[in-house]
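Novice: Curious how this folds, go ahead:
(one chain, ligands or ions: 1)
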Amino acid sequence: MALTKESVLERLRNTPLEGGDAVSRGLVHALAVESGVVRFVLEGAPEAELVAIRPVLEQAVRSLEGISSLSVVIPAGPPKGMGAKKPQSGVKIGGHPTPQAGPAPVPGVRHILAVGSGKGGVGKSTVAANLAVALAKAGRRVGLLDADLYGPSQPRMMGATERPGSENGDTILPVMAHGVVLMSLGLMLREDEAVIWRGPMLMGAMQQLLGQVRWNAYGDLDVLVIDLPPGTGDVQLSLCQKATLDGAVIVSTPQDVALLDAKKALDMFAKLKVPVVGLIENMSTYVCPNCGHEAHLFGHGGVEAEAARLGLPFMGALPLALEVRIAGDEGTPIAAGDSPAAEAYAALARHVIDAGVA
Ligand SMILES: Nc1ncnc2c1ncn2[C@@H]1O[C@H](COP(=O)(O)OP(=O)(O)OP(=O)(O)O)[C@@H](O)[C@H]1O
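Specialist: Residues are numbered from 1 along each chain as shown. From the prediction side, this is the model:
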């Protein structure tokens, strides 16, 4: 049977879900089928439920004959008329930290995974966003905390513009984007507003972002992914003092100068007794889209060699790809779609799950 809208709808109708199939429940929107490419939007139920049923529907549709790619999008934020009422948050972030005896668990969060890098600009935030989305696609309940307080980029990368609300003027309600529960200082600032805080203010802000944000507002989280600032400064230190981290992944480009800084980040996590889940080489190769020539702009293989030298797991190499940059700029991480890059992030997510951190 040829691949048509009707054949996709029929397959979806014949895929049983709790409460009825996705088509009769009115969850399938904007279905498009063109030369083997299938796309649709899943909307009309709480986001956590949509995230849970998406892999079931994807598996059912993928087995149709003639399909070359599939993209099932869950729009950011609750559908109109659904979800908690969120008055604008009057909570002020940044202030001196309050005394805390030692690292404390974050309520409603099972695991905390930090994504760090030694050097700036190596793609740490891109990896954090895509890894969070890939973990959500793998069926995990995921939060993403943008702890890059001086340069919060997750609102843009995750396409989130909604201001976090507050139920009582004390706790902060995070927002939902691409199936991930997100909080970033960037959601509370103007896009051109600068953060000019010293150490204690940063530490106070970190404490608030961990303790005052209601991370389980949409259900308990399997994992909270934390996008750290580059380097080994106050934010990293206060995070490890305030919360128990289950693991860290380090992102580096292959060139020596980035690797040198990555080693400092590894040393920091060793001193803070945070287990390193693995190293990721980003911007590893570049394949020319016109002629297919493969170039190694920043070198190649350096991170894998370093991981082997240190006896740490190498999680994988991610290519330098225009579509990854465009997807990040447009607010839909590449991992949300269906492409070789999305598959590479799915493999990283499996690594994290196998390591028992999600
Ligand atoms: N594999 C990739 N292919 C193409 N572009 C990439 C890739 N990884 C990251 N980028 C782009 O590189 C830029 C820097 O990435 P990103 O902001 O993730 O880095 P960072 O290490 O978090 O930086 P910062 O030090 O500012 O926190 C972004 O424009 C991003 O889209």
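
Novice: which bits of the stretch 201-350 of the chain sit near the ligand?
Specialist: Counting by Cβ under 6 Å from any ligand atom, the stretch 201-350 of the chain comes close to the ligand at Pro230, Asn282, Met283, Leu318, Leu320, Ala321, Val324, Arg325, Gly328. To be clear about C-beta, it is placed using only N, CA and C from the backbone, and glycine gets the same treatment.

Novice: Which members of those residues are positioned in strands?
Specialist: The strands, defined by DSSP state E, take in Asn282, Leu318 from those.

Novice: Between all of the residues of the stretch 201-350 of the chain next to the ligand, which two are separated the most?
Specialist: With Cβ to Cβ as the measure, no two of those lie farther apart than Pro230 and Ala321, at 21.4 Å.

Novice: Secondary structure element for Gly139, which one?
Specialist: Under DSSP states H and E, no helix or strand contains Gly139.

Novice: Surely it touches Pro55?
Specialist: Yes. Here Gly139 reaches Pro55: they are 5.9 Å apart, a contact under Cβ atoms under 8 Å.

Novice: who's more crowded, these two?
Specialist: Between Gly139 and Pro55, counted using other Cβ atoms under 10 Å, Gly139 has the larger neighbour count: 16 against 13.

Novice: Now which of the residues of the stretch 201-350 of the chain next to the ligand would you call buried?
Specialist: Buried subset of these (neighbour count, 16 or more other Cβ atoms under 10 Å): Pro230, Asn282, Met283, Leu318, Leu320, Ala321, Val324, Gly328.

Novice: Pull up the per-residue confidence for the residue nearest to the spatial centre of the chain.
Specialist: Centroid-nearest residue in the chain: Ala132, 2.5 Å away (criterion: Cα atoms, centre = their mean). Listed pLDDT for Ala132 reads 97.

Novice: residues touching it, list them.
Specialist: Val142, Gly143, Leu144, Val180, Val225 (Cβ atoms under 8 Å, 6 or more residues apart in numbering).

Novice: cool, Val41 as well?
Specialist: Val28, His29, Ala30, Val72, Val73, Ile74, Pro75.

Novice: Strands - which of those residues land there?
Specialist: Using DSSP E, these in strands are Val28, His29, Ala30, Val72, Val73.

Novice: Specify the local secondary structure of the closest residue to Pro174 other than its chain neighbours.
Specialist: Closest residue to Pro174 apart from its sequence neighbours, by Cβ to Cβ, 6 or more residues apart in numbering: Met183 at 4.2 Å. Classification of Met183 using DSSP: H, G, I helix; E, B strand; the rest coil returns strand.

Novice: Contact partners for Met183?
Specialist: Neighbour list for Met183: Gly143, Leu144, Leu145, Asp146, Pro164, Ile172, Pro174, Val175, Leu209, Val213, Trp215 [criterion: Cβ under 8 Å, 6+ apart].

Novice: thought the second one was touching Val181?
Specialist: Going back to what we said before, that points to Leu144. Yes. With contact defined as Cβ under 8 Å, Leu144 counts as touching Val181 (7.1 Å).

Novice: would you list every one of the helices in the stretch 101-250 of the chain?
Specialist: 124-137, 154-157, 199-211, 234-242 (DSSP state H, counting those that start in this stretch).

Novice: ok, and does the longest one reach over to the ligand?
Specialist: By that I understand helix 124-137. Yes. On the criterion Cβ under 6 Å from any ligand atom, helix 124-137 is in touch with the ligand at Lys124, Ser125, Thr126.

Novice: Any idea how many residues pack against the first one?
Specialist: When you say that, I think you mean Lys124. Lys124, neighbours per other Cβ under 10 Å, totals 27.

Novice: My read is that it contacts Ser117, right?
Specialist: Yes. Counting by Cβ under 8 Å, Ser117 is a contact partner of Lys124 at 4.1 Å.

Novice: so what sits against both of the two?
Specialist: With Cβ under 8 Å, 6+ apart, Lys124 and Ser117 have common neighbours Leu228, Pro230, Val251.

Novice: so which of these comes closest to the ligand?
Specialist: Pro230 (4.2 Å; Cβ to the nearest ligand atom).

Novice: Let me know the distance separating that closest one from Val73.
Specialist: Pro230 sits 31 Å away from Val73, going by Cβ to Cβ, to the nearest Å.

Novice: right, and Leu50 touches Ile74 too?
Specialist: Yes. The criterion here is Cβ under 8 Å, and Leu50 meets it with Ile74 at 4.8 Å.
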